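Student: Predicted model, plus sequence, below.
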Amino acid sequence: MARVVAVHGIGKQTLGEDTLRKEWLPALNDGLARTGADRLAEPDVAMAFYGDLFRPQGEFLAVGNPPYTAADVAEGFEQELLLAWWSAAAASDPAVVPPGADTLVSTPRSVQAALRALSGSRFFAGVALRAMVFDLKQVHGYLTDPDLRAQALARVADQIREDTRVVVAHSLGSVVAYEALCARPGHRVSALVTIGSPLGIPNLILHRLQPPPLALDGPPRAVWPGHAGLVWTNLADDGDVVALVKDLRPAFGEEVCCAILHNGARAHDATAYLTDALCGQAIMDGLV
């Protein structure tokens, strides 16, 4: 039985559980090494993989991501999230021209401008336009397609077993992991570590969570994803565009331990988060 369950983020549809575990395990051990903790062996880590649920059905002579363009960014959620990414990228990268007042209303023109600005940012360097649009659609699909959501949740929940003590979740995976833990009352997970998480984004993510956050004469307060002794550590790079809200305490409670990391040019990269000493410490504390 795996003591640590890892949950990947967006854009992993062409990989698999074995491939990702081979990426994550050395990074996890590097983070643990910064704290002087024992290394994890391969059986200690399970990768909850759901990326293939987003992979288009294979066809001869047409593989990979669909050939998306700016015109494929849907109105509403996808345009709003794209513009939020643009604003966050401009705030942390001087090379990115910030959106003007005329782009606050989602229009096809502003979508093109946002994609163009992000393609030149440090955060999205080397990311093709169609891959960027596909990432938007993965987040949108998970939150709006009940069948897809149920399948992804089942993949994660199936890996959280009696011996699981730590769940480490990246990006969209932190949303899936949070909901999976909430759906399993009585689980024995003692530490949740979220990295590069979008959980705190109001309206787009926070208000769409299952179970929904409570709002009684004040800001929304989300459900705690486990027993009272669960330690939740949230780590965000200051330049991580996906982790728009760095401090989860206002929405999830003062018990969440929040910290800002410095991943350099790899602001949202999972392995950059995992090798940090704070991440290693949070995992080690959950395994004790």
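Tutor: Arrived safely, thanks for sending. Fair warning: this is a prediction, and the values are worked out from it, not measured in the lab. Residues are numbered from 1 along each chain as shown.

Student: What spatial separation is found between the spatially most central residue of the chain and C279?
Tutor: Nearest to the geometric centre of the chain sits S171, at 0.9 Å (C-alpha atoms, centre = their mean). In this view, S171 and C279 are 14 Å apart by C-beta to C-beta, to the nearest Å. Quick note: C-beta positions are derived from backbone N, CA and C, even for glycine.

Student: Could you do V241 as well?
Tutor: Between V241 and C279 the computed distance is 19 Å (C-beta to C-beta).

Student: So what's the residue count around A169?
Tutor: Neighbour count for A169, taken as other C-beta atoms under 10 Å: 28.

Student: same question, Y68
Tutor: The number of residues near Y68, taken as other C-beta under 10 Å, comes to 18.

Student: element containing it?
Tutor: Per DSSP states H and E: Y68 is located in neither a helix nor a strand.

Student: Tell me if I'm right that it and Q138 touch.
Tutor: No. If you go by C-beta atoms under 8 Å, Y68 and Q138 don't touch, sitting 11.7 Å apart.

Student: any idea where the strands of the stretch 51-200 of the chain begin and end?
Tutor: Assigned by DSSP state E, counting those that start in this stretch, the strands in the stretch 51-200 of the chain fall at 166-170, 191-195.

Student: tell me what the first one is packed against?
Tutor: Identification of packing neighbours for strand 166-170 by 3 or more C-beta pairs under 8 Å, 6 or more residues apart in numbering; DSSP states H and E yields strand 4-7, helix 172-182, strand 191-195, helix 270-274, helix 277-287.

Student: Identify all contacting residues around the fourth one.
Tutor: Yep, that's helix 270-274 we're talking about. For helix 270-274, the external contacting residues (C-beta atoms under 8 Å, 6 or more residues apart in numbering) are 8-9, 23-24, 26-28, 30-31, 168, 170-171, 195-196, 235, 237, 261, 263-264, 266, 279-280.

Student: The third one too?
Tutor: Strand 191-195 is contacted from outside by 165-171, 174, 177-178, 181, 225-226, 230-236, 248, 270, 273-274, 279, 282-283, 285-287, using C-beta under 8 Å, 6+ apart.

Student: Go ahead and measure how far whichever helix or strand comes after it is from the middle of the chain.
Tutor: Note on strand 191-195: by DSSP H and E, the next helix or strand toward the C-terminus is strand 231-237. Offset of strand 231-237 from its chain centre (C-alpha atoms, centre = their mean, to the nearest Å): 12 Å.

Student: what does stretch 274-285 give?
Tutor: 17 Å.

Student: Could you export that stretch as CSV, CA atoms only?
Tutor: Taking Å, rounded to 0.1, in the frame of the first residue of the first chain, the C-alpha atoms of stretch 274-285 are listed here in CSV:
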residue,chain,number,x,y,z
LEU,A,274,8.5,19.1,-4.8
THR,A,275,12.2,19.7,-4.4
ASP,A,276,11.7,22.6,-2.0
ALA,A,277,12.5,22.0,1.7
LEU,A,278,9.1,23.2,2.8
CYS,A,279,7.4,20.7,0.6
GLY,A,280,9.7,17.9,2.0
GLN,A,281,9.0,19.0,5.5
ALA,A,282,5.2,18.9,5.0
ILE,A,283,5.4,15.4,3.6
MET,A,284,7.8,14.2,6.2
ASP,A,285,5.5,15.5,9.0
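
Student: Show me what counts as buried in it.
Tutor: In terms of neighbour count (16 or more other C-beta atoms under 10 Å), stretch 274-285 has its buried residues at L274, T275, D276, A277, L278, C279, G280, Q281, A282, I283, M284, D285.

Student: How about the closest residue to the third one other than its chain neighbours: which residues does it bridge to?
Tutor: Leaving aside its chain neighbours, D276 sits nearest to L261 (5.2 Å; criterion: C-beta to C-beta, 6 or more residues apart in numbering). Taking DSSP bridges, one finds D237 as the beta-bridge partners of L261.
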